[in-house]
Structures are given as C-alpha cells and as structure tokens.
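J.: The amino acid sequence is not available; the structure is as follows:
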C-alpha cells in the first residue's frame, strides 16, 4: 500500500501519530508530501470557498511533521494569499507573508518564495491603496532581478507591471508618474513577449496616449476573451479614450 494512493485522511492521521511517536524521518517526509499534494489538489479541483479551510488544514498537518519543506510553506502562503484576496483580509495577508518568510529562512535562495511574497504584497497594497506596501513589493521584485530571475518569467513581469499601473495613480509628481509609467510599459512588454495577457501593455499605452498600439492590444485582449467590456468600462486607464470613436466602436464589437 502506498500512502499517496491508498490512504484516506483518517488513516493518514492515525499513521501520522505513529510516525511522530517513533520519529520515522523518511515516513514523515512521505506523509508530509501526501498532505501537501492533497492540499494542492483541493485548491485546484474543488469549487466552493470551503476549499481554503481544507487546504490550510492539510498544510498545517504537513508542517506538523516538522520536516521543514520549503514547498509546504510556499504552498501555505499561496493558499493564504488567495483566501486573503477573497476575504479582503489584511490578517490573512500578513499570515501569508510569515509563510513566505519561513520558506526563505529555510532556503534564502528560494526564488519562488520571493516571487509569491512580492505578489501577495501587491495584492494587499491594492486592497489598502497603500504606496508604502507597493514600494515594499517593488523592493522584492528588484531583489528578484539581482538574484537572476528568469527574464522569461511572464508572471513576475506581468504582476509587476500591474502593480506599477495601480501605484501610478497614488503619485502626484508628474515626472515621477512618467517614470513609473515607463517602467510599467517595460515590464508589461516583457510579460507580453513571454506569453502574458496583452491587457497591461494595452493599459500602459493608453495612459501614454499611444492610440494605435493601445487599441490594437485591447482588441487582442478582447478577441482572446482575456478581459470583458464591463471591466474596461470601469477601468480608469481608459478614461482618456471614453469619447474616442475607434475605442467606442471596438467595445461595441464585443458587447
């Protein structure tokens, strides 16, 4: 019998007690992986919001085995970030930061934990509309560059660009805003070139009043069902296009 394939949660818990009592180190690793993999499966496959509580419980069980796996803490932080975003909970975001820090305490070179921490910080910054939190997230993104992040990591550059576009509205100095917008454009371009949605790049060009590029990328976003007309109508990145006939006609095509 293999733990991952044949154990029910009840059998796993009973086995966990035996393993901990007898300090079977290899068995701890196997059972920890079982709980971790189960948590990931719950998040991916279950549709209702109760999945977060289930996944967090499973990750807590994995961690209780004291095997100090970076992967467990990373996944724990990711689940907390998703749950915090849904609940709009600063407390849950802070818990996610703790998990990413624990992952980095185990392995200071772990790039994944730093990426996830930066992303989680950006989400809380959006929730709190906080310049300081955005700036803390940007410090982590910059640290990733120093550590040699893969230049083809579209997720990093796309989320970085997205955060810069929100941060842009919190700044009053026009010169600084222009620098932020140029940085957002650069990051969005890198993300787009490596497979991310064109929408952030479209928004950056919109704010720069580059009509042809902005509308071409917007059309691509709509054509691929990556964004909805209702979202665009609420997105202030497009406020300077509200009376533009090409923009109006483009949205009308996708209503």
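T.: Okay, I see it. Being a predicted model, the structure only gives us computed values, none of them experimental. Numbers count the residues shown, from 1 in each chain.
J.: can we go C-alpha only for contacts and neighbour counts from here?
T.: Fine.
J.: now the helices for the chain?
T.: For the chain, applying DSSP state H gives helices covering 3-6, 9-22, 25-45, 50-64, 70-87, 90-106, 111-128, 131-146, 154-168, 174-193, 199-207, 211-223, 229-234, 245-253.
J.: So which of these is the most surrounded?
T.: Burial of those is given as mean neighbour count (mean count of other C-alpha atoms under 10 Å); helix 199-207 ranks first at a mean of 25.
J.: Now do the contacts for the residue nearest the centre of the chain.
T.: Centroid-nearest residue in the chain, with C-alpha atoms, centre = their mean: residue 119, separated by 4.6 Å. Contact analysis of residue 119 by C-alpha atoms under 8 Å, 6 or more residues apart in numbering lists 137, 159, 160.
J.: will you turn those residues into JSON lines that also has pLDDT and distance to residue 204?
T.: Formatted as JSON lines, the contacts of residue 119 follow (pLDDT from 0 to 100; distance: C-alpha to C-alpha, whole Å):
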{"residue": "137", "pLDDT": "97", "distance to residue 204": "19"}
{"residue": "159", "pLDDT": "95", "distance to residue 204": "13"}
{"residue": "160", "pLDDT": "96", "distance to residue 204": "13"}
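J.: Look up how far residue 238 lies from the closest residue to residue 77 other than its chain neighbours.
T.: Leaving aside its sequence neighbours, residue 77 sits nearest to residue 96 (C-alpha to C-alpha, 6 or more residues apart in numbering; 4.2 Å). According to C-alpha to C-alpha, to the nearest Å, residue 96 and residue 238 sit 33 Å apart.
J.: what do you get for residue 197?
T.: The spacing between residue 197 and residue 238, counted by C-alpha to C-alpha, is 17 Å.
J.: Counting neighbours, go ahead and name the busier of those two.
T.: For residue 197 versus residue 238, the count of surrounding residues by other C-alpha atoms under 10 Å is larger for residue 197: 22 against 19.
J.: got a list of what the more buried one touches?
T.: Residue 197 makes contact with 191, 221, 226 under the criterion C-alpha under 8 Å, 6+ apart.
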